[in-house]
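S.K.: need the 3D shape of this:
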Amino acid sequence: MSYGEPSALSEDWWQLIVHAVSEGKRLGVNIGFFNSPGWSQSGGPWVKSTESMRYLVSSETKFEGGRRIIQQLQKPKDIFQDVKVLAYPAPENDELTIASLKPKITSFPDLGNDNLLADGDTGTICLFTRAGNSKEIIIDFETTHPFTARTIILYPSVIPFAADVELLIKETGNFRSVKKFRFDRGNRALNVGPMPSGPVSVSLPEVTSVNFRVILNNFNLSNFLSTRDNIPANAGLAEITLSALPMIENYIEKQLGKMCQTPFPMWDHYLWEPQHESGTESMKIDPEKVLDISDRLSGNILTWDVPPGKWNIMRIGAVPTGTMNAAAAPHAMGREVDKMNRDHLSAHFNTYVGELLKRIPSEDRTALKRIVLDSYEQGSQNWTDGMIEGFQKRFGYDPVPWLTVLSGRIVASADQSDRFLWDLRRYVADRIAYDYVGGFRNLCQEQGLRIWLENYGHWGFPSEFLMYGGQSHDIAGEFWNEGDLGNIECRAASSAAHIYGKRSVSAESYTSAGRHYQRYPAMLKKRGDWSYTEGINQVILHLYIHQPYEDKNPGINAWFGTEFNRKNTWFEQSKHWIDYQRRCMFMLRRGLPVNDVCYFIGEDVPKMTGARIPELPEGYSFDYINAEVIINRLSVKNGKLLLPDGMSYEMMVLPPLDNMRPELLKKIKELVMQGAAVFGPPPKTSPSLQNYPYADEEVKTMASELWGNTDYGGKKKGKSLKGNIFNGIDIQSALNELEVLPDVSFSGSVPVLWIHRRLDDTEIYFLTNQSDSMIDFNATFRVTGRKPELWDATSGAIRDLPAFTTNKKTTTVPLKLDPYESAFIVFRKKGDSVSDRLETNFPEPRLVAEINTPWEVSFEKANRGLEQPVKMNSSEDWSQNTDQRIKYYSGTGVYRNSFWIEKTEPGENIFINLGQVGVMAEVKINGQKAGGVWTPPWNVDITNYVGEGENQVEISVVNNWINRLIGDSRLPEKERKTWINVNEIRPDDPLQASGLLGEVTVTRVRY
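M.R.: Residues are numbered from 1 along each chain as shown. You can find the predicted model right below:
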C-alpha cells in the first residue's frame, strides 16, 4: 500500500496535527501524542549518531614489549567514538585454542567443509547443507597432543538458528559428557541487542584430551525470521573454538549485547549460575596492571613505549546500536535516541514534540494532555556520554580496568568479573529509568503535559519494570484478546502504580492479530474482565483507525487490533459495552487495592516480571515490589508494611536468591525490627563489586542476625525483632501464623477470578466467571458487620443480596454467575444478621410470555439486504439461510413482533430474554429504547416500558462484517461492495452465526 498524503513531518501534516488538537479543545476530547514517529520508541532522522543509543566495541592489537611503537590502531566500526585505549599484560594461554593445534575434524553426516570450523577465521562459514534431514550433527576434533580446554565458544553464521549442544571428551576409549547447553541465535533483530551474531561462550570444567566431540541436535530456526523446514541443512557455524583460556560464560549476554529473543523474558532470564573458577591467576587480567594509554593515541596512531613482556591493547569505543524508531514512514525514521542522557533526550523532544508545541499557543493546548511512550521494543545499550564518571560516583570504584571484561576475558576472578557486569547492567537499568522516563517526565511537566508509559518491553527491555514505571506520570499495561501477551504486562503495570502511589492503571486493551472483523464485545469480555483482576482500571481501546474513504466499507484496517471505528457494523451499539467498562472503571478506581503480600523482585536486571516462588495460595492477592520502594517508601505500622499512599501488606516474600546488597538488607532488617513479616531465604553475598569484599561480610552479619543459622526452618522472633522471619515452612503456614485469612474463598472449584478494593469502610469485590457455563457457588469474604449488595456493571442495577451468613471474621454469600458474567459485590451497609424470611439472592424468574410467532425482519438494502421484510423464527441463523442475501448479510436486521402481559405488579422486574444473539442487539418496547444486550445472560429490564395488554417489541440485531466480506470474496472484484486494505478473507472461511439465535421470552422476578 502506498503512503498517503500529506507526507509525515511535512507542513501540511503538522497543520493537521494542530487542527486535531484544536478540535479536541472544541469537542472536549483529550489528545495524546506519541513522542516520535511510530509507536516504538523515541527517535527520528534528527538524532545524530553521537546522540543515539550506543554500545561498546573494541579492536585488539598484540605487541612484544621493551620498545617504542608507532602503530595504527584499527577502528572496529566506521562510526566510532573513542572511549579508552587500554593495555594489559597478555594472559597465559591467551591465544591457545584447539585451532592452533590444527586438529583433524570429522563430521557425521559428512558436512564437506567441516575444516572451516577450526580454521581460526570467523569470516569463513561451515554450512550444514549436506546434513539434509538429519536430526543430529556430530563433529569430532582430534589432536596429536593432549589439549586442555577451559572454554568452548560457538561463533554463529548469518543464518539464525538454535540447537542443543553437548561437549564430550574421550577417556580410556569412551566418550563422556562434559557440558550441555543451548546455543540460541535464533533472532538476529537489532531490537534484541546490538550484537545479533555475538558468540556463545560457555565455561568448562578443566578437561584434557586428544579427542573432543560436539553434538548438535534439537534444531529450530527462528519463529520470527524464517519458515524454512529443513532446519539442519539451512544452518551453519563460523567457528567452534575450544580455548585453553578461562573466559566469562555468556559474556555477550551479560554485557547486554544479546537480550531475550522472545517477547516473554521471565523473572530469571538474566540470572546465571555462578561460574566456577578455573585456570591460574596468570590466565586472568589483573585490574591493577591495566594501563590507560588513551592519551598516547592521536587520530588512529598510537605512540607508546611498551614495557617488557607481551601486551594486549584494546581500542574501546562506542558505536550506534542501529535501532530505529518504528513503525513509521521511511523518511520519518532515524536512530533511536540515547536512553541514558537527558541532554540528548531534550534535543529529541524539542525537535519533535517541541515542533508541535511551538505551533500551538499555550492557551490553545488545553486538549493536549499526554505524550505517549509505548512498550519498549528497541533493545539495549551499555554506554553513554560521561558514563565513567557516573558509574564511579554510583558504585565507588573506577570501571575503566574492568572494561577489558567485555572481551570475554576474566578480570581478577570470574566472580569479580560477573559482579562488575552486574553493576553495569544495574547502572544501565537505573539510568534508563531515571534519565529516559524521568527525563521525559520533567520535559513534559515543563509544558503542562503528562507522560503515559507502558512500563515493560518486548524484544530486549533493558531496565527494571517497576522503577521504569515509577518515574512516569501514568502507567499502562497491555493485553491481547487471544494468546499470552498481557499475562505479565498488566500485573507489571498495576504493581508499579500501586507501589509508587498512582491511582490509574491503564492497559492497551484487546490488541489482536488477524481475524479481521470477526471480534465483538462478547468475545472480548473474558479477557477484559481478566485484566481488571490484574489491577487494570483504565481501558485504552486498541485500535481506532480514522476512515478517510466514505465510499469504501469497512475501510482501512490493520494486521493488528480490533476494529473500534465508526465503520464497524456494531460501532453504534457498542455504547452498551462501553458503558459496562465505564462502570467497571469507576468502581475499580474507588479507594485502594487490598493485596496481602508483596513479592520482592530481586535486584538483578534487566527485569520485566517478578518471581512468585512460592505461589500464593488461592484467596490472596499480591503486588510486586522493588528495592527502591523498600528502601525509600516502605515503613511499618501495626505489623503491616505500609506505603505513604495508604497501600499496605501483611508480608513480604523474598525471591529464591542468595544475594542482596547490604543497603537493602539493612532496610529489611529495620522493617522486621519494627514488626514486619518477611518470608524467604537469607542472602549470603552481595551481587555487586561495590565495596567488595567487605559488602559480603556486611550481608553475612545482618543475615545471621535476622535468620540465625541458615539451616533454620520455621519462624524466628527474637528479643530485638518485633516482626517475623519465615523460612523453611510453606507460605500458607506463614499466613496462618500471622492470622491472615483468605480474602476470598469459593465453594468447590469454580473458574472465578477476583480483585478487592477498599474505600474507607466500604469493601468492593469484583468477581468474573471465566467460563462458558453458568455457575452456582458460595463466596466467603473477609468482611464482617456489613451487608452484601450486587452491583451489575452490565445494566447499572444495584440490589441487595438478602441471603448471607456471617461469623466473627467472614461473610458467606450464595452467588450465581452466567457464562462470562461478572459482578461487583459491595459491602457498605451495616448489618450482619440473617433474615428470618426464607430468601434467595437469585429468585427463579416466572414466565410471562413466549414470543413464538414468526418475526418480521427487515434488512438494510444498502448492505445487499432484501428490499422487503421477511418472516423468520427467532432461532434462525442468518448464516444458514438459503437466500444468499441473508446468508452473507452484514449489518443490522430489525425484528418486530408483539407479546401480551395480563397484569403487572408493583415491586416486580420484567425482563425480555433474547436467548442468544449474534452478535449484539438493542431493544425497543412500545417505541421506546429499553436497552441493549451484548453478553450473556442476553436480557433487558423492560419494567418501565411495558403495560398490561399487548406490547410491541422491536429488536435491532447487528452482526459482524465478516460474513459480507466472505460473500464478496466469492464474487468477481468488480461486483464486490466491500473493501479492506489488509484482506486475508477467503471464500471458504467459516461464516459467523448471526441474528437472534434462541427463543425469546418475557419473564418477571421479584428481588
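S.K.: could you use CA atoms for every contact and neighbour count after this?
M.R.: Fine.
S.K.: distance of residue 484 from residue 527?
M.R.: 11 Å (Cα to Cα, to the nearest Å).
S.K.: compare the two (neighbour count), which wins?
M.R.: Just comparing residue 484 and residue 527: by other Cα atoms under 10 Å the higher neighbour count belongs to residue 527, 18 against 12.
S.K.: that one: what secondary structure?
M.R.: Recorded secondary structure, residue 527: helix (DSSP: H, G, I helix; E, B strand; the rest coil).
S.K.: could you find the closest non-adjacent residue to it?
M.R.: Nearest residue to residue 527, sequence neighbours excluded (Cα to Cα, 6 or more residues apart in numbering): residue 481, at 6.0 Å.
S.K.: I figured the one you found hits residue 508, correct?
M.R.: No - the criterion here is Cα atoms under 8 Å, and residue 481 misses it with residue 508 at 10.7 Å.
S.K.: related to what we said a few turns ago, and the residue nearest to residue 527, how many residues sit next to it?
M.R.: Per other Cα under 10 Å, the neighbour tally for residue 481 reads 21.
S.K.: that one: what's it in contact with?
M.R.: Taking Cα atoms under 8 Å, 6 or more residues apart in numbering as the criterion, residue 481 is in contact with 509, 510, 511, 512, 524, 527, 528.
S.K.: show me what contacts the last one?
M.R.: It stands for residue 528. 481, 509, 510.
S.K.: swap in residue 238?
M.R.: Contacts of residue 238 (Cα under 8 Å, 6+ apart): 116, 117, 121, 122, 123, 124, 125, 126, 154, 155, 156, 157.
S.K.: if we use 10 Å, what do you get?
M.R.: Neighbour list for residue 238: 114, 116-127, 154-158, 199 [criterion: Cα atoms under 10 Å, 6 or more residues apart in numbering].
S.K.: for stretch 673-680, which residues meet the burial criterion?
M.R.: By 16 or more other Cα atoms under 10 Å, the buried positions in stretch 673-680 come out as 673, 674, 675, 676, 677, 678, 679, 680.
S.K.: export those as a markdown table, with columns for secondary structure and distance to residue 430.
M.R.: Shown next, in a markdown table, are the buried residues of stretch 673-680 (DSSP: H, G, I helix; E, B strand; the rest coil; distance: Cα to Cα, whole Å):
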| residue | secondary structure | distance to residue 430 |
| --- | --- | --- |
| 673 | helix | 29 |
| 674 | coil | 29 |
| 675 | coil | 30 |
| 676 | coil | 27 |
| 677 | strand | 28 |
| 678 | strand | 26 |
| 679 | strand | 27 |
| 680 | coil | 26 |
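S.K.: show me which pair in those residues is furthest apart.
M.R.: 674 and 680 (18.0 Å; Cα to Cα).
S.K.: buried stuff in stretch 992-1007?
M.R.: In stretch 992-1007, counting by 16+ other Cα under 10 Å, buried: 992-1004, 1007.
S.K.: could I get the buried residue list for stretch 927-945?
M.R.: Neighbour counts over stretch 927-945 (16+ other Cα under 10 Å) mark 930-943 as buried.
S.K.: filter these down to the ones in helices?
M.R.: Among those, DSSP state H puts none in helices.
S.K.: circling back: among the contacts of residue 481, which pair sits farthest apart?
M.R.: In those, the most distant members under the criterion Cα to Cα are 512 and 528, with 12.8 Å between them.
S.K.: now do the shared contacts for these two.
M.R.: With Cα under 10 Å, 6+ apart, residue 512 and residue 528 have common neighbours 479, 480, 481.
S.K.: how about residue 893: what's its closest non-neighbour residue?
M.R.: Nearest one to residue 893, counting by Cα to Cα, 6+ apart, is residue 859 at 4.8 Å.
S.K.: next one: that neighbour from residue 885, what distance?
M.R.: 9 Å.
S.K.: give the residues shared as contacts by the two.
M.R.: In contact with both residue 859 and residue 885: 865, 866, using Cα under 10 Å, 6+ apart.
S.K.: what sits opposite residue 179 in the beta ladder?
M.R.: When bridges are called by DSSP bridges, residue 179 pairs up with residue 167.
S.K.: tell me the pLDDT at it?
M.R.: With respect to pLDDT, residue 179 has a value of 98.
S.K.: how many neighbours does it have?
M.R.: A count of nearby residues for residue 179, using other Cα under 10 Å, gives 16.
S.K.: now residue 489
M.R.: 27.
S.K.: likewise residue 294?
M.R.: 16.
S.K.: how about residue 306?
M.R.: Counted with other Cα under 10 Å, residue 306 comes out at 16.
S.K.: find the residue ranges of the protein scoring beneath the pLDDT cut-off.
M.R.: 1-2, 222-230, 709-721, 833-838 (pLDDT under 70).
S.K.: give me the domain ranges for it.
M.R.: What automatic domain parsing lists as the domains of the chain is 56-91+289-320, 98-244, 473-546+554-588, 594-737, 744-830, 846-1005.
S.K.: what's the closest of the ones you listed to residue 449?
M.R.: domain 473-546+554-588 (9.5 Å).
S.K.: still on that earlier bit, ok, the residue nearest to residue 893 - contacts?
M.R.: For residue 859, the contacting residues are 865-870, 885-886, 889-895, 956-957, by Cα under 10 Å, 6+ apart.
S.K.: could you redo the last one with a cut-off of 6 Å?
M.R.: Residue 859 sits next to 865, 866, 893 when contact means Cα atoms under 6 Å, 6 or more residues apart in numbering.
S.K.: including secondary structure and distance to residue 170, could the contacts of residue 528 go into CSV?
M.R.: Formatted as CSV, the contacts of residue 528 follow (three-state DSSP; distance: Cα to Cα, whole Å):
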residue, secondary structure, distance to residue 170
481, coil, 53
509, strand, 57
510, strand, 56
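S.K.: redo the residues you listed as TSV? Include distance to residue 57.
M.R.: Formatted as TSV, the contacts of residue 528 follow (distance: Cα to Cα, whole Å):
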residue	distance to residue 57
481	41
509	40
510	41
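S.K.: work out which residue lies at the spatial centre of the chain.
M.R.: residue 489 (3.7 Å; Cα atoms, centre = their mean).
S.K.: for that residue, phi and psi?
M.R.: When read as degrees, to the nearest 10, the backbone of residue 489 gives phi -70, psi -40.
S.K.: nearest residue to it other than its sequence neighbours?
M.R.: Distances taken as Cα to Cα, 6+ apart place residue 477 nearest to residue 489, at 5.1 Å, with adjacent residues excluded.
S.K.: now for the one you found, how many residues are close by?
M.R.: 31.
S.K.: show me what contacts it?
M.R.: By Cα under 6 Å, 6+ apart, the residues touching residue 477 are 454, 489, 490, 493, 507.
S.K.: what do you get if the cut-off is 10 Å, keeping everything else the same?
M.R.: Contacts here follow Cα under 10 Å, 6+ apart; on that basis residue 477 touches 374-375, 453-456, 486-494, 505-509, 531, 534-536, 538-540.
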